[in-house]
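Trainee: how would this look folded up:
(one chain, ligands or ions: 1)
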Amino acid sequence: MYLLSIPTLLASACLLPSLAYAHGHAHAHADTLDADKIAYLEQLHAKWGTDWSFSGISTFAHLPHFKCLTQPDEDFDIGIIGAPFDTAVSYRPGARFGPRSIRANSARQISFRSFNARAGINPYTSWARIVDCGDIPASPFDNALALHQMSEAYIELGKRNAPNPSDGYRGKSRLLSLGGDHSIALPALRALKERYGQPISVLHFDAHLDTWHPAKYPSAWIDDDVEFAQSYFNHGSVFWLAGAEGLIANGSSVHAGLRTRLSGGDWADYEEDTQQGWYRIPADDIDDIGVQTVIDRIMGKLGTERPVYLSIDIDVIDPGMAPATGTPEPGGWTTREMIRIIRGLEGLNLVGADIVEVSPPYDDRVEGTALAAAQLGYELITSMVKRGLEEKKDKTDAKDEL
Ligand SMILES: [Mn+2]
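Mentor: Numbering: from 1, shown residues only. Next comes the predicted model:
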């Protein structure tokens with residue numbers, strides 16, 4: 001009985017998309033597509049239109065793929081964009097392979113079985129058009145060129161329309177970036193400031209501050225009075241650089257999961273971080289205050305209205321569970337704690353997000369790091385779709401009351 005029901009389920013799950021496809025096609029070529037052809041296409045889609053988790057080309061969660069940078073007419077509400085750039089990392093390289101590994105490890109997120117029981121919605125069968133935009137091909141040879149390329153790419157992607165905007169989305173599409181090392185957040189924030197016309201609050205999950213002055217690294221070299229400023233572009237200074245460019249909303253940004261060693265012999269790194277307008281939640285606090293208070297503190301700082309960029313360095317999770325990362329630090333949160341925290345933040349007004357520093361060459365045999373990254377991607381997409389759903393509902397309820 002159960003075995004018999006599976007093909008039936010698959011057939012019914014893909015019936016709607018197949019009809020939409022065939023009818024859309026028929027409109028475009030009314031004179032060439034007859035009823036027999038439509039029936040044939042529907043039959044093909046009924047038979048072959050749905051993949052297993054392990055079959056098909058590897059896109060994030062089996063989403064449709066468009067190279068969004070070269071296909072400006074393909075609108076989306078949420079786009080997954082890979083940023084396979086890792087030549088600004090200070091320790092272990094390899095995050096250029098992050099997007100591929102995260103996509104591969106999202107394979108069990110298939111639309112017919114992606115109802116998020118924690119959230120009460122299936123993000124892949126709701127109102128939003130979600131696509132895998134492919135990657136930004138940034139140079140691995142020249143970081144100045146790569147930063148320029150990534151900045152241009154994010155600005156270009158920011159021009160894409162949202163076909164099904166909710167009120168909160170105000171017609172704007174949103175991006176979830178798969179890194180890449182953490183430096184990719186700088187070009188993403190440049191584009192967001194341009195798009196929203198204001199600095200953006202950042203919610204930053206990380207073992208590290210990433211607000212270090214670049215001169216705190218040995219690469220800040222001066223020789224014969226020549227300053228090698230390009231070395232300032234590094235993954236541990238990404239939010240210092242973004243702050244210096246005026247991209248980050250002052251006084252409303254949060255680090256969570258911190259446990260880094262600090263420079264020198266005192267708390268100067270923390271003091272400089274505070275001067276840059278950041279609020280810090282150390283990793284250890286979760287044992288004393290619990291998951292819910294971590295959530296409450298973050299929501300207390302960020303609220304539900306201000307635009308927030310959410311940036312997850314996968315090293316926020318303990319290296320015992322997520323070993324494949326650029327700069328591992330013992331004593332991190334569990335994958336379960338991270339998922340619960342992200343679910344607790346679904347009220348945020350997310351205007352963009354990234355998951356960075358997944359370096360697959362260092363992953364374990366279950367690929368636990370990339371698997372965690374893929375799950376966090378699913379939770380972030382769930383939050384974006386759910387907020388849009390609730391805003392659409394609020395609008396409908398308001399109309400009914402009139
Ligand atoms: Mn980090």
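
Trainee: for residue 347, what are its contacts?
Mentor: By CB atoms under 8 Å, 6 or more residues apart in numbering, the contact set of residue 347 is 299, 304, 387. For the C-beta atoms, the positions are set from N, CA and C on the backbone; glycine is no exception.

Trainee: quick one: average pLDDT of stretch 238-248?
Mentor: Per-residue pLDDT over stretch 238-248 has a mean of 97.

Trainee: Give me the buried stretch members for it, please.
Mentor: 238, 239, 240, 241, 242, 243, 247, 248 (16 or more other CB atoms under 10 Å).

Trainee: do the same with stretch 83-93
Mentor: By 16+ other CB under 10 Å, the buried positions in stretch 83-93 come out as 83, 84, 85, 86, 87, 88, 89, 90, 92, 93.

Trainee: for stretch 313-330, same thing?
Mentor: Buried-residue list, stretch 313-330, by 16+ other CB under 10 Å: 313-319, 321-329.

Trainee: Kindly report the same for stretch 256-274.
Mentor: Quick answer for stretch 256-274 (16+ other CB under 10 Å): 256, 257, 258, 259, 260, 269, 272, 273.

Trainee: before we move on, what about stretch 332-343?
Mentor: For stretch 332-343, the neighbour count (16+ other CB under 10 Å) marks 332, 333, 335, 337, 338, 339, 340, 341, 342, 343 as buried.

Trainee: now those residues as a markdown table including secondary structure, distance to the ion and pLDDT?
Mentor: Listed next are these as a markdown table, based on DSSP: H, G, I helix; E, B strand; the rest coil; distance: CB to the ion, whole Å; pLDDT from 0 to 100:
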| residue | secondary structure | distance to the ion | pLDDT |
| --- | --- | --- | --- |
| 332 | coil | 10 | 98 |
| 333 | strand | 13 | 98 |
| 335 | helix | 16 | 98 |
| 337 | helix | 17 | 98 |
| 338 | helix | 14 | 98 |
| 339 | helix | 19 | 98 |
| 340 | helix | 21 | 98 |
| 341 | helix | 17 | 98 |
| 342 | helix | 17 | 98 |
| 343 | helix | 22 | 98 |
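
Trainee: Dump those residues to JSON lines, plus distance to residue 205.
Mentor: Shown next, in JSON lines, are the buried residues of stretch 332-343 (distance: CB to CB, whole Å):
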{"residue": "332", "distance to residue 205": "10"}
{"residue": "333", "distance to residue 205": "9"}
{"residue": "335", "distance to residue 205": "12"}
{"residue": "337", "distance to residue 205": "11"}
{"residue": "338", "distance to residue 205": "7"}
{"residue": "339", "distance to residue 205": "12"}
{"residue": "340", "distance to residue 205": "13"}
{"residue": "341", "distance to residue 205": "8"}
{"residue": "342", "distance to residue 205": "8"}
{"residue": "343", "distance to residue 205": "14"}
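
Trainee: of those, closest to residue 58?
Mentor: When the buried residues of stretch 332-343 are ranked by distance to residue 58 (CB to CB), residue 335 comes first, at 21.8 Å.

Trainee: Quick check: that closest one touching residue 316?
Mentor: No. Distance between residue 335 and residue 316: 10.1 Å, which falls outside the contact criterion (CB atoms under 8 Å).

Trainee: which outside residues touch stretch 124-132?
Mentor: 59-61, 63-66, 68, 74-80, 103, 109, 111-112, 114, 123, 162-164, 166, 381, 384-385, 388-389, 392.

Trainee: Kindly report the residues of the protein close to the ion.
Mentor: Taking CB under 5 Å from the ion, the part of the chain that reaches the ion is made up of 206, 208, 313, 315.

Trainee: Just the closest of the residues you listed to residue 176, please.
Mentor: Residue 176 lies nearest to residue 313 out of the residues of the chain next to the ion, by CB to CB, at 14.8 Å.

Trainee: Could you tell me whether residue 134 really is in a helix?
Mentor: No. Residue 134 sits outside any helix when classified using DSSP: H, G, I helix; E, B strand; the rest coil, being strand.

Trainee: give the contact list for it.
Mentor: 65, 66, 67, 68, 69, 81, 82.

Trainee: Now name the helix or strand holding residue 254.
Mentor: Taking DSSP states H and E as the criterion, the element that holds residue 254 is strand 253-258.

Trainee: from the buried residues of stretch 83-93, which single one is nearest residue 280?
Mentor: residue 90 (20.5 Å).

Trainee: Would you confirm that the closest one contacts residue 327?
Mentor: Yes. Taking CB under 8 Å as the definition, residue 90 is a contact partner of residue 327 at 6.4 Å.

Trainee: any shared contact partners between those two?
Mentor: Shared contacts of residue 90 and residue 327 (CB under 8 Å, 6+ apart): residue 236.

Trainee: Report the spatially closest residue to the residue in the stretch 51-200 of the chain that the ion sits nearest to, excluding sequence-adjacent ones.
Mentor: When scored by CB to the ion, the stretch 51-200 of the chain has residue 182 as its residue closest to the ion, at 6.2 Å. Nearest residue to residue 182 in three dimensions, chain neighbours excluded: residue 235, at 4.1 Å (CB to CB, 6 or more residues apart in numbering).

Trainee: What is the neighbour count of that neighbour?
Mentor: 28 (other CB atoms under 10 Å).

Trainee: Helix, strand, or coil at it?
Mentor: coil.

Trainee: Was I right to think it contacts residue 89?
Mentor: Yes. Contact criterion CB under 8 Å: residue 235 and residue 89 qualify, at 5.3 Å.

Trainee: hey, what's in contact with both of the two?
Mentor: With CB under 8 Å, 6+ apart as the test, residue 235 and residue 89 both reach 181, 326, 357.

Trainee: Adding secondary structure, write those out as CSV.
Mentor: Below are the shared contacts of residue 235 and residue 89 laid out as CSV (three-state DSSP):
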residue, secondary structure
181, coil
326, coil
357, coil
